[in-house]
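Colleague: Sequence and predicted structure, then a few things I'm wondering about:
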Amino acid sequence: MPTRPRLILASASPRRLDLLARLGLAPDAIDPADIDETPLKAELPTDHARRLAAAKAAATAARHPGCVVLAADTVVAAGRRILPKAEDADAVAACLALLSGRRHRVLTALSVVDAGGVARHRLSTTIVAFAPLSAAAIAAYVEGGEGVGKAGGYAIQGAAEAFVRRIDGSHSGVVGLPLFETRGLLIAAGLLEG
Ligand SMILES: Cc1cn([C@H]2C[C@H](O)[C@@H](COP(=O)(O)OP(=O)(O)OP(=O)(O)O)O2)c(=O)[nH]c1=O
């Protein structure tokens, strides 16, 4: 039986590690790519997510020839607008005020470079509908501190799931690693049985 290639997770995100474990996989190494995540001028959210996931995978794969490398990028988009990773409490409040009572997209782009150096890509798109949020509800969420550092200023895996009226797509995709698409790419890379 051929030996399975080593798996490198090109991500510093503990959430992605946990989600990978749900596929029965533990990476042989974690080696995040350190790339500039600034959107290009007028870059569309889907293009941005795809570009960053591919760049993360390529940067890490260059350091691990002969290994399978998995990278992802999650973007919260309101229309054509890319929401920032909320830097502080004010940014979290601004994101939630923008998302209140409306639908937005959460895009997670995946890139897997296989042991032969072939890159494959997938995009998971999820529509999330938020309830209208009162100033008090936003203040309480900001106070909890969960939204800082998160794309779009919230984390569905925490208290913010209570704001979600409806989700169409992939819950794991919103958290950061869509399991359906990840499984497909890892089967193609020979790391999982089809
Ligand atoms: C919308 C949403 C975002 N997020 C956050 C986590 C991240 O801060 C952000 C996505 O940022 P990413 O740049 O995709 O990932 P990362 O910076 O966490 O890790 P790496 O680049 O090393 O892979 O989205 C959640 O955790 N839950 C959610 O529901």
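Modeller: Perfect, I can see it now. Residues are numbered from 1 along each chain as shown.
Colleague: Show me what from the protein comes close to the ligand.
Modeller: Within the chain, the positions near the ligand by C-beta under 6 Å from any ligand atom are 11-13, 15, 32, 37, 72-74, 76, 85, 106, 149-152, 154-157, 174-176. Where you see a C-beta, it was placed from the backbone N, CA and C, and this is true even at glycine.
Colleague: Going through the residues you listed, which ones are buried?
Modeller: For the residues of the chain next to the ligand, a neighbour count by 16 or more other C-beta atoms under 10 Å gives the buried set as 11, 13, 72-74, 76, 85, 106, 150-152, 154-157, 174-176.
Colleague: Which ones among the residues you listed lie within helices?
Modeller: Among those, the members found in helices (DSSP state H) are 174-175.
Colleague: helix, strand or coil for Ser124?
Modeller: Assigned with DSSP: H, G, I helix; E, B strand; the rest coil, Ser124 falls in the strand class.
Colleague: so it touches Glu181, yeah?
Modeller: Yes: taking C-beta atoms under 8 Å as the definition, Ser124 is a contact partner of Glu181 at 5.3 Å.
Colleague: Name the residues contacting each of the two.
Modeller: Counting by C-beta atoms under 8 Å, 6 or more residues apart in numbering, the contacts common to Ser124 and Glu181 are 110, 170, 173.
Colleague: Among these, which one sits closest to the ligand?
Modeller: Using C-beta to the nearest ligand atom, Gly173 comes nearest to the ligand of the shared contacts of Ser124 and Glu181, at 9.4 Å.
Colleague: pLDDT below threshold where in the protein?
Modeller: Applying pLDDT under 70 to the chain flags residues 1-2.
Colleague: Give the other helices and strands that the biggest helix by length in the chain contacts.
Modeller: Longest helix in the chain, counting residues (DSSP H): helix 45-61. Packing partners of helix 45-61 (3 or more C-beta pairs under 8 Å, 6 or more residues apart in numbering; DSSP states H and E): strand 68-78, strand 81-82, strand 103-113, strand 119-130.
Colleague: try 7 Å
Modeller: On a contact count with 3 or more C-beta pairs under 7 Å, 6 or more residues apart in numbering; DSSP states H and E, helix 45-61 meets strand 68-78, strand 103-113, strand 119-130.
Colleague: As CSV, could you dump the C-alpha coordinates of that helix?
Modeller: Below are the C-alpha coordinates for helix 45-61, written out as CSV (Å, rounded to 0.1, in the frame of the first residue of the first chain):
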residue,chain,number,x,y,z
PRO,A,45,-14.8,39.5,-2.3
THR,A,46,-14.7,36.2,-4.2
ASP,A,47,-11.5,37.1,-6.1
HIS,A,48,-9.9,38.3,-2.8
ALA,A,49,-10.7,35.0,-0.9
ARG,A,50,-9.5,32.9,-3.8
ARG,A,51,-6.3,34.9,-4.3
LEU,A,52,-5.4,34.7,-0.6
ALA,A,53,-6.1,31.0,-0.2
ALA,A,54,-4.0,30.2,-3.3
ALA,A,55,-1.2,32.5,-2.1
LYS,A,56,-1.2,30.9,1.4
ALA,A,57,-1.0,27.4,-0.1
ALA,A,58,1.7,28.3,-2.6
ALA,A,59,3.9,30.0,0.0
THR,A,60,3.7,27.1,2.4
ALA,A,61,4.0,24.5,-0.3
